[in-house]
Structure formats: C-alpha cells, structure tokens
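Visitor: with the input below, show me the fold.
(one chain, ligands or ions: 1)
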Amino acid sequence: MEAAGGIDVTKRWWEAGCVYQVYPRSFQDSNGDGVGDLVGIRQRLDHIADLGVDAIWLSPMFPSPMADFGYDVADYCGVDPLFGTIEDFDALLAAAHERGLRLLLDFVPNHSSDRHPWFVESRSSHASPKRDWYIWRDPAPDGGPPNNWTSDFGGSAWEYDPATGQYYYHAFLKEQADLNWRNPELRRAMFDAMRFWLDRGVDGFRIDVLWHIVKAEGFPDNPVNPDYHPSMGEKFMVLQLNSTDQPEVHDLIAEMRALADSYGGGDERVLVGEVCLPLSKLVTYYGAQAKGVHLPFNFELIEAPWHARGIASFIDAYEAALPPGAWPNWVLGSHDARRVAARLGEAQARVAAMLLLTLRGTPTLYQGDEIGIGEVVLRPDQVRDPRELREPGLGLGRDPARTPMAWDGSPNAGFTTGTPWLPLHPDWPTRNVAAQREDPASMLSLYRRLLRLRRGHPALSIGSYASVEAEGDVLAYLRRGGGEEFLVVLNLGGEPQAMPEIARDYAPLLSTIHGDLPADRTRLRPNEAILSIRR
Ligand code: NOJ
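Guide: Numbers count the residues shown, from 1 in each chain. As a prediction, this is how the structure comes out:
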C-alpha cells in the first residue's frame, strides 16, 4: 500500500466517506399522499449533497404489503407504487451520481413477504417446487411449534399453516417468512436480485439482519435465557444461538462479496452488513482475508451507556479486534433506534456529532439527526410500528425515529401537502432545514462544518487514531495523517472539565458550542466538545 504522510492514498470512497440513511416514507412526499417517495428524494438531493456526505443508504422501496414498512419484500426487483416507478428509481440514481453521491440499496435476504409469489407458491403444497425455498417443519409431537425459537417481534417464530399441516419459520412478523438459504435455487434467485440492481448501477447494499440468514441444521431449541425479564420483549426469552450466526453464513457472504467485487474493478461496490452481535463475533463478518462484508455495522454509539471510559475502552477493543484489512465504521442513529437527541439531549447530541465524525471509520448518519429531531410522543391511535403494536408499552416502538423530515416553515414542514403518515416532531416550525441553514448556531450548521472539516482533512477520516484520555466525563483522542494532527476533546457531561495538558499545543478549530471560543483554553464548558489542530 502506498502511503503519503502517514495517509494510505489507496483508500476507497467508502472508507473516507460518510453514509446518510434515507427512510423513504419520511423524507419527502411529492404527490400528496402523506408518504415520502422517490421523486421527493430526488427533489431534496441538494440537501444531502450540501450536507457533505458521500453516499445514501436507502431503506427498502421494493413492492411490499408494508406489514413491516418495506422490510417485507414482495418483489426484489421492482419499486412499490407508493414510492414510484423503476424509472423514478433510475432518475434518482442518475441525479445522485450527478452530484457525486453514491446510492446503496437495502437488500433484505433473510425473509420475504408472505405475499411474495415465491411464498404463495411454496405454501401451496408439500410438492411445490418452491416448498424448500422457505423453512417448513412438522409440528412437535404435541402439535405445537417445532422448537422454542421466538420471533424478534414477540411470540413464537413459527406459524401453523392448516392447509399443508406444517409450520413455517419467521424471525420477525408472520408476514415475513424466512427464506431457506441452504436451497441452491433460492440462492441463485437472490443473487440474481442483487445483480439486477448492480447492473442498474447501484453502489452497493446495506444487508438486513445478515447474521440471521442461516439457521442450525436440525433446528435445535435455543437455550433459555436465564436473565430474561418480560420488560425486554419476548425475543429475549431465549438466546439466539441456533437460530442465528451459523458458520455457513460466511460462505454465503463471501459469495455476495465476490459478486459485488465483480463490478467496477473491485471494492467500488460496497456491502454493509447489519450484524447485532458481540464484538468478537461482529468482526468475523469482515470475513477471511477481509472478503466478507466491507462494513459490518458497529452500533456501539447507539447501545453503549454515555460514559467516557466505557466508550474509550470500546474504541480500543474495537480497533484491536479489527482483522487485517478491515475498516472500522460507526453508527449514531437509525430508523430502528431512539433518536440520538432523545437519548442524550440536544447538547450531548452535538457532542455525539463530533464524536461520530471524528472517529476513525466510516460514519453513518440518520436523516433528521442533522437537525436534531428529539423525542416525539405519539398518541396510541398514531402508532404504526408493528413492533410496538405487538408488544405495547415496553418502549420498543420505532415510530418516534421515523417521523417525517422537516424542511421549512410551510404546512407540514414542506414534507407533504397531504396528511403525514406519522406526525412531525412538535418543534418543526423552528426545527427545520430552512431555519437551521440560516442559523450558524444550529445543529445543521454544526454537522455541515464537521463534514466539511472531515472532507478537507484526511487525517480526520482515514488518519490514525490514538487515545489520549478517558477520565470522568472527558474523552480525548488524536487523529493523525497527511502531515496534520488533530486533537478531539469531548465533555460527555454537564459540568465544566479541565482540558488535557497537551491541548496547549493545539489551536481550537471548532467547538460544539457556537460563538467565540473562550479565552480560557484550559477548561471545557459543560456539554462541549472541541476539535483542535496541532500548532
Ligand atoms: C432490521 C430492520 O432495520 C428493521 O427495520 C426490520 O424490522 C427488521 N430488520 C426486519 O427486516
């Protein structure tokens, strides 16, 4: 590998770049039906490009009955009419590329909709040529489900089909039947679907629940979880040792990777894997010789308690666990998690923005976090998420993270001329893109500055990382490369803190608190993070 001033100049776009997740239902509606669509996303591409990100990951827009809002795919090679047409998709892809933005689709290989023609055919009889494309098992001797596996959305993961007298497996809703990746024809069909979109020019995929796609042969019971408490949701009644993360998954991933690499000279089309496993397992998804997925999502910034020492020790453990050739990544929010500003409050959400955008590794930023959308409380009649509807009141619902983007001060914040499918956050009249663009103190202005600095200084994206301090609420680290050196110091709490001694040798460039930088450079204000450059 060539190196220039400590910077590896062979880095690929997805290593230096930042990914922005678009949840299509909630980005921009162009036809007044209250649900976002592809034409709407195209109309708002300039916002994404101006923000300074490099790629869009688009949550599913395939034909779907929408039982799980698109994660129940009924045709892997089309566009749902709710979102537009395949021509709209091609136009969006071309418009993104014109602006230098890459576009990743959301590939959902673990399960299809129960209305997918494959499943309709599969369930029609034992003799169906597609019977084995899904997971069918005889009832247990007592007539109950074949084993104790629970659905991630609560209840048994097995649904009885009276017509053929067998159960089918669904790790999520019963409307999301798990596909059988041990069947070679099914595999071929799924690789064809990937090819369909790669041929159209997409830059890669985010792959849904990748660690789920292969189950243990023989479907043995999962071990019962000794720490289960009903407040966790029924998913946690058992430990998913046999229903997920089987060794055979890695051969399939290697095949997906070989397919992606066969396009555009290799390593241009990127695979991002959704993998929710402990660190030692997570890193195995980089694959042998780093020929698995390019980026197995790292959700630690979403899941970890907000403590300097814990975060710092995870960063160290993560860096140490990365196999040769593996590139790190960090995720701060998603359509499945509580909004960062709701979890941490606005002031710490600004600190978190600096953390996300100054750590070594590809950042993924979720739409709406750049304007700091916070807690949204829904009335029971406004709940749409099947996760919440199935196990209400446990705080598992995902609607609050999925409310529409707020663009300006016009009705419905410019999101729709109709009735939005979910309500907007209550402070949208002031918390919107147009208002924040004019305000140098806004969250949006902070994100834009951070992204501009990151783009302008490779040390911040692809440079090396070294820990400086993790004491109390202070987290500090260095990023070096290309002849430059940056110090990042974050105050993760609400009390003033002393700056580390070495800060004397660095000149502050940006604080998360807008305004003149304080004359006293030895202290951090409450909830402040400062990025400085070596003098
Ligand atoms: C993960 C997705 O992000 C989530 O939204 C979905 O419900 C499940 N996978 C099932 O596809």
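
Visitor: and I253, how far from E485?
Guide: I253 sits 37 Å away from E485, going by CB to CB, to the nearest Å. (C-beta placed from N, C-alpha, C; glycine too.)

Visitor: how about V35?
Guide: 47 Å.

Visitor: those two: which has the busier surroundings?
Guide: V35 (24 against 20; other CB atoms under 10 Å).

Visitor: for that one, which residues are in contact?
Guide: R25, D29, L82, F83, T416, W421 (CB atoms under 8 Å, 6 or more residues apart in numbering).

Visitor: swap in 7 Å and give it another go.
Guide: R25, D29, L82, W421 (CB atoms under 7 Å, 6 or more residues apart in numbering).

Visitor: which element is H425 on?
Guide: Of the helices and strands defined by DSSP states H and E, none includes H425.

Visitor: contact residues of the stretch 251-400 of the chain facing the ligand?
Guide: E274, H335, D336 (CB under 6 Å from any ligand atom).

Visitor: returning to that earlier point: hmm, which of the contacts of V35 are the buried ones?
Guide: Buried residues within these, defined by neighbour count using 16 or more other CB atoms under 10 Å: R25, D29, L82, W421.

Visitor: grab the nearest non-local neighbour of V376.
Guide: Once flanking residues are discounted, V376 sits nearest to P400: 4.5 Å by CB to CB, 6 or more residues apart in numbering.

Visitor: tell me if I am right that the one you found is in a helix.
Guide: Yes. When DSSP: H, G, I helix; E, B strand; the rest coil is applied, P400 is found to be in a helix.

Visitor: for the residue nearest to Y167 when sequence neighbours are not counted, the count of nearby residues, please.
Guide: Leaving aside its chain neighbours, Y167 sits nearest to W158 (4.1 Å; criterion: CB to CB, 6+ apart). Other residues within reach of W158, judged by other CB under 10 Å, total 26.

Visitor: hang on, isn't W158 packed against N148?
Guide: No. Assessed by CB atoms under 7 Å, W158 is found out of contact with N148, at 9.6 Å.

Visitor: okay, now the unreliable bits of the stretch 51-200 of the chain?
Guide: For the stretch 51-200 of the chain, no stretch has pLDDT under 70.

Visitor: helix/strand/coil for the residue of it found nearest the ligand?
Guide: Relative to the ligand, the nearest point of the stretch 51-200 of the chain is Y71 (3.3 Å; CB to the nearest ligand atom). Secondary structure, three-state DSSP: Y71 is coil.

Visitor: ok, now R455?
Guide: Strictly by three-state DSSP, R455 counts as helix.

Visitor: mind listing what it touches?
Guide: R455 neighbours (CB under 7 Å, 6+ apart): G52.

Visitor: same thing with W421?
Guide: Counting by CB under 7 Å, 6+ apart, W421 has contacts R25, G34, V35, R384.

Visitor: is the host helix or strand of L103 positioned near the ligand?
Guide: Assigned by DSSP H and E, L103 falls within strand 102-107. No. Strand 102-107 does not reach the ligand (CB under 6 Å from any ligand atom); its nearest approach is 7.9 Å.

Visitor: show me what that strand is packed up against.
Guide: strand 55-58, strand 204-207 (3 or more CB pairs under 7 Å, 6 or more residues apart in numbering; DSSP states H and E).

Visitor: direction included, what does the first one pair up with?
Guide: Same thing as strand 55-58. Strand partners for strand 55-58, identified by DSSP bridges, are recorded as strand 19-22 (parallel), strand 102-107 (parallel).

Visitor: which residues touch it?
Guide: Under CB under 7 Å, 6+ apart, the answer for strand 55-58 is 14, 17, 19-22, 24, 48, 96, 101-106, 203, 206, 272.

Visitor: who are the packing partners of whichever helix or strand comes after it?
Guide: For strand 55-58, the succeeding helix or strand toward the C-terminus, using DSSP H and E, is helix 86-98. Secondary-structure packing of helix 86-98 (3+ CB pairs under 7 Å, 6+ apart): helix 38-43.

Visitor: let me see the mean pLDDT of the helix it packs on.
Guide: Helix 38-43 carries an average pLDDT of 99.

Visitor: do the same with stretch 524-535
Guide: For stretch 524-535, the per-residue pLDDT averages 96.

Visitor: endpoints of it, how far apart?
Guide: 19 Å (CA to CA, to the nearest Å).

Visitor: tell me how many other residues surround L277.
Guide: 15.

Visitor: before we move on, what about G233?
Guide: Neighbours of G233 using other CB under 10 Å come to 20.

Visitor: how far away is it from W149?
Guide: 14 Å.

Visitor: also R137?
Guide: With CB to CB as the criterion, R137 and W149 are 11 Å apart.

Visitor: quick check on these two: which one has the bigger neighbour count.
Guide: The residue with more neighbours, out of R137 and W149, is W149; 23 against 14, by other CB under 10 Å.

Visitor: which ones are touching V283?
Guide: A321, L322, P323, A326.
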